[in-house]
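[1] turn this into a structure:
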Amino acid sequence: MSPFDLKVADGLDDVTAALALVHDSYVALGLIDPHPSGIRLLPHHLLPETRVLLARERAEVVATLTLIPDTAYGLPLDDVYGDRLTATRSQGRRAAELSCLALDPRYRRHDILFHLIRLMHRCAKALAVDDIWVVVAPKHGRFYQNVMLFEPAGGLSYLDKLNGAPGVLYRQNLTTIETRSRQYFTGAGPESDLHTFFFGEVKSSHAVEKSGNCLRRDEKARLLKLCPEVTAQIAHQGKSLLSSFLTGGDPASPKAS
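    Coordinates of the predicted model:
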């Protein structure tokens, strides 16, 4: 049993605390410059189906990740790897991106990440996601491939939005992941059986299947006021999309290939 409170963010306090941890972690790693708001906000955080997952120890958020399902607005990784998504989108497969992963430095060697990934899988299933994509630093590639069973899906790129940091694209096919996981971890001892951990029955009082973004329109407006450059990014796509972000009425269809 995890000693942490694991949950899907259900209000502005949860979201801002999670995005503050992302901001501070990314600044410490040199991935972004400090922002006056003290948070790392993406336009996608305002979309209805985006899920911010977090772990609290008492009142402090010590780990977080964001699951962003594909919509008409696309995914953050489209800027660099959009062509890689074209084939799966044309097959009718729904993509989602694992983004904004951050751990308090005190817990980077803790199993807390595994608990967040298990919760992420439940969210992905509820949102009818077929593939989870993630861009990771090359030094973390072996972990994602050999432990999390993501598959390499793109070559090395340098990410402008992360101060030119190198990244490699990985994909987890949710149609086959349970079978692959069962085969991969067959014979593993109880402490190493990640298949049972990730895909075994989990009792939880938190309904990850709930619909709708947890942020009210006024709360989204407050976040955008803190991060005016995000408003500009959304408006660049068209005024109707900006209105949709604020009202929670984002079009659900995947981005055209």
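[2] which parts of the stretch 101-250 of the chain are strands?
    131-136, 151-159, 165-173 (DSSP state E, counting those that start in this stretch).
[3] name the helices or strands packed onto the shortest one?
    The contact analysis (3 or more Cβ pairs under 8 Å, 6 or more residues apart in numbering; DSSP states H and E) places strand 131-136 against helix 78-90, strand 95-103, strand 151-159, strand 165-173. (C-beta placed from N, C-alpha, C; glycine too.)
[4] export the ones you listed to JSON lines and tack on distance to residue 114, mean neighbour count and mean pLDDT?
    As requested, the helices and strands packed on strand 131-136 are exported to JSON lines (distance: least, Cβ to Cβ, whole Å; neighbours: other Cβ atoms under 10 Å; pLDDT from 0 to 100):
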{"stretch": "helix 78-90", "distance to residue 114": "26", "mean neighbour count": "16", "mean pLDDT": "90"}
{"stretch": "strand 95-103", "distance to residue 114": "12", "mean neighbour count": "23", "mean pLDDT": "97"}
{"stretch": "strand 151-159", "distance to residue 114": "19", "mean neighbour count": "14", "mean pLDDT": "92"}
{"stretch": "strand 165-173", "distance to residue 114": "14", "mean neighbour count": "20", "mean pLDDT": "95"}
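[5] any idea which of these gets closest to residue 237?
    Smallest distance to residue 237 across these (Cβ to Cβ): 11.7 Å, for helix 78-90.
[6] can you list contacts of that closest one?
    With contact meaning Cβ atoms under 8 Å, 6 or more residues apart in numbering, helix 78-90 is reached by 70, 74-75, 77, 95, 130-131, 133, 135, 153-154, 157, 159-161, 167, 169, 254-257.
[7] alpha carbons of that helix, as PDB, please.
    This file holds the C-alpha atoms of helix 78-90, laid out as PDB (Å, rounded to 0.1, in the frame of the first residue of the first chain):
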ATOM      1  CA  ASP A  78       3.100  17.200 -32.500                       C
ATOM      2  CA  ASP A  79       5.600  20.100 -32.900                       C
ATOM      3  CA  VAL A  80       8.400  17.600 -33.300                       C
ATOM      4  CA  TYR A  81       6.900  14.200 -33.900                       C
ATOM      5  CA  GLY A  82       3.600  14.900 -35.600                       C
ATOM      6  CA  ASP A  83       4.500  12.700 -38.600                       C
ATOM      7  CA  ARG A  84       4.900   9.700 -36.300                       C
ATOM      8  CA  LEU A  85       1.300  10.100 -35.100                       C
ATOM      9  CA  THR A  86      -0.100  10.300 -38.600                       C
ATOM     10  CA  ALA A  87      -0.300   6.500 -39.300                       C
ATOM     11  CA  THR A  88      -1.900   5.600 -36.000                       C
ATOM     12  CA  ARG A  89      -4.400   8.500 -36.300                       C
ATOM     13  CA  SER A  90      -5.400   7.300 -39.800                       C
END
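[8] chain center to that helix: distance?
    Remark: helix 78-90 is offset 17 Å from the chain centroid, using Cα atoms, centre = their mean, to the nearest Å.
[9] and the strands of the stretch 101-250 of the chain as TSV, adding distance to residue 198?
    Putting those into TSV (distance: least, Cβ to Cβ, whole Å) gives the following:
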stretch	distance to residue 198
strand 131-136	12
strand 151-159	16
strand 165-173	11
